[in-house]
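*Asks:* coordinates for the following, if possible.
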Amino acid sequence: MLYQKQIRNRKGNRLKGYNYSRDGCYFITICTKNRIECFGEIRNEKMEYGRYGNIILNFWRAIPDHYENVFLDEWVIMPNHIHGIIVIENKIIPDVVVGTEHCSVPTRAVGDGKNYGLLSKIVKSFKEISLKTIRKNYNDFDFFWQRSFYDHIIRNEKSLDKIRRYIYYNPTKWELDINNLENLLM
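*Replies:* Numbers count the residues shown, from 1 in each chain. Alright, predicted model coming up:
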């Protein structure tokens, strides 16, 4: 019998043909590899950051410092994952308060494909710098991020409000969270 190498067809995580550099709001989730809880603990329904959690917190907050057209909306760092809304706003309109109407996003790609994957670039850079910093500061070569990340294109105000509430209340529901290792091991 001949040995046949099985080729895994990994399903792409991004919406095919969509330009993730477009104006819009994007809900993302980034997890640690194997859901290892190393960012802190939930106590009294609030996140208390550990040393890795503080590193993650600092780099997360700094994302807009590196991209002039990127803003952070609601977000939360949990013991082993991050939920956040990243807003990409390419239009520069001086002296105008940015509302949520820019979150209505069509589902097809437009433009020339330049910066096709800005959202992926942001997440990749965030993961790389936080990983390198944890390894450098704590000599921890066992810390890894899970490959890729989850994203959802927010298309309307109702969805945006629902996701904001989900993120805000996430620490209060940690005991039921599918990312909680205790729930995964049951």
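
*Asks:* now Arg51. Nearest residue, chain neighbours left out?
*Replies:* Spatial nearest neighbour of Arg51, chain neighbours left out: Tyr138 (7.0 Å); criterion: Cβ to Cβ, 6 or more residues apart in numbering. In short, each C-beta sits where N, CA and C put it, glycine included.

*Asks:* same check, this time on His81
*Replies:* Of all residues not flanking His81 in the chain, Cys31 sits nearest, at 4.3 Å (Cβ to Cβ, 6+ apart).

*Asks:* check for me that that neighbour belongs to a strand.
*Replies:* Yes - secondary structure assignment places Cys31 in a strand (DSSP: H, G, I helix; E, B strand; the rest coil).

*Asks:* so what's it scoring on pLDDT?
*Replies:* Here, the pLDDT recorded for Cys31 equals 95.

*Asks:* ok, Gly113 next?
*Replies:* 44.

*Asks:* just how off-centre is whichever helix or strand Ile56 is part of within its chain?
*Replies:* Secondary structure from DSSP states H and E places Ile56 in helix 51-61. Here the centre of helix 51-61 is set off from its chain's centre by 13 Å, with Cα atoms, centre = their mean, to the nearest Å.

*Asks:* I'd like the next helix or strand past it.
*Replies:* Following helix 51-61 toward the C-terminus (DSSP H and E): helix 63-66.

*Asks:* does anything pack onto the next helix-or-strand element following that following helix? Which helices or strands?
*Replies:* Going down the chain from helix 63-66, the next helix or strand is strand 70-77, by DSSP H and E. Counting contacts by 3 or more Cβ pairs under 8 Å, 6 or more residues apart in numbering; DSSP states H and E, strand 70-77 packs against strand 46-49, helix 51-61, helix 63-66, strand 81-88, helix 157-169.

*Asks:* please redo it, this time with the cut-off set to 6 Å
*Replies:* Using 3 or more Cβ pairs under 6 Å, 6 or more residues apart in numbering; DSSP states H and E as the contact test, the elements touching strand 70-77 are helix 51-61, strand 81-88, helix 157-169.
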